[in-house]
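> I'll drop the sequence and a predicted model, then ask my questions.
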Amino acid sequence: MVYLRETRLIRVLALVIVLILIATSMKVNGCWVGQTVEELFDQSRVIVIGTILEKDGHSNYPGSMMGVDHWKVEVDYYLKGDKSDSIITVDTPDNTTSLHYSLNQHGNSVLLFLNEDEHGLQPPSPQGVMGIRISEELGNMTIEKGSDLVDHISISDESTEDLPSVMAEIEQIDLIVTTYKDGENFLEDDISKKFYVWPVSLLVVCAFFVIINNATSKEKKTRIKMPK
């Protein structure tokens with residue numbers, strides 16, 4: 001009887017240990033679905049070129065076992081999408097899942113293909129993150145279309161196996177929005193300068209000269225002597 005009790009106790013302890021190990025090492029398993037370059041450009045809701053600033057925390061999606069890392073990204077150019085924010089947050093699966101990868105896996109300068117849902121922005125897969133190099137002469141120039149951009153950028157070889165297709169797709173983009181660091185974009189600011197700032201400045205200058213001229217004229221009149 002003592003032997004049987006000890007055997008049962010050992011089995012119970014072994015089962016508890018196994019359950020603890022499973023609970024502490026449990027990961028969400030999955031796999032990525034491959035996409036062509038054309039599918040990335042067509043199916044992504046937002047496409048940006050920018051700089052990863054930092055990893056900005058971690059959380060779990062409500063009702064999901066999968067955790068995500070939050071990354072703060074400073075956007076230089078919007079190649080697609082209706083956004084104009086200069087800073088965005090991008091989510092990637094954390095290390096509690098086999099789908100885990102880091103947004104800065106190819107460096108901090110990136111071309112990002114992003115989906116958007118109720119949780120926010122996230123790449124469809126690691127394929128949606130490409131390392132990019134931007135020429136210094138580009139700086140923060142106003143770029144209005146893809147053909148203006150392709151001469152100033154290059155994609156890192158390790159990011160994709162089909163570099164020509166990526167560059168060809170970028171070159172076909174008709175409208176690119178360049179962001180200022182304060183969240184406004186160059187196109188809107190250029191328009192405001194062209195149609196508002198300069199005319200207002202010109203009116204102020206003209207009004208100043210009119211006032212000076214009137215004052216001078218009045219002073220001259222007061223100095224005229226009446227004939228005796």
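All right, it came through fine. These figures come from a predicted structure and were not determined experimentally. Residues are numbered from 1 along each chain as shown.
> who's in contact with the closest residue in space to Ser135 that isn't next to it in sequence?
Nearest non-adjacent residue to Ser135, counting by Cβ to Cβ, 6 or more residues apart in numbering: His152, 4.5 Å away. In short, each C-beta sits where N, CA and C put it, glycine included. Shown in contact with His152 (Cβ atoms under 8 Å, 6 or more residues apart in numbering): 134-135, 137-138.
> May I have the phi/psi pair for His152?
In terms of degrees, to the nearest 10, the main-chain angles of His152 are phi -120, psi 0.
> measure it to Val75 for me?
Counting by Cβ to Cβ, to the nearest Å, the gap between His152 and Val75 amounts to 16 Å.
> likewise Glu171?
Going from Glu171 to Val75 by Cβ to Cβ gives 20 Å.
> would you say Leu40 is within a strand?
No - read with DSSP: H, G, I helix; E, B strand; the rest coil, Leu40 is helix and lies in no strand.
> That one: what's it in contact with?
Leu40 touches 113, 124, 127-128, counting by Cβ under 8 Å, 6+ apart.
> how near is it to His100?
Going from Leu40 to His100 by Cβ to Cβ gives 20 Å.
> Make JSON lines from the contacts of His152 and add distance to Gly67 to it.
Shown next, in JSON lines, are the contacts of His152 (distance: Cβ to Cβ, whole Å):
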{"residue": "Ile134", "distance to Gly67": "32"}
{"residue": "Ser135", "distance to Gly67": "38"}
{"residue": "Glu137", "distance to Gly67": "41"}
{"residue": "Leu138", "distance to Gly67": "37"}
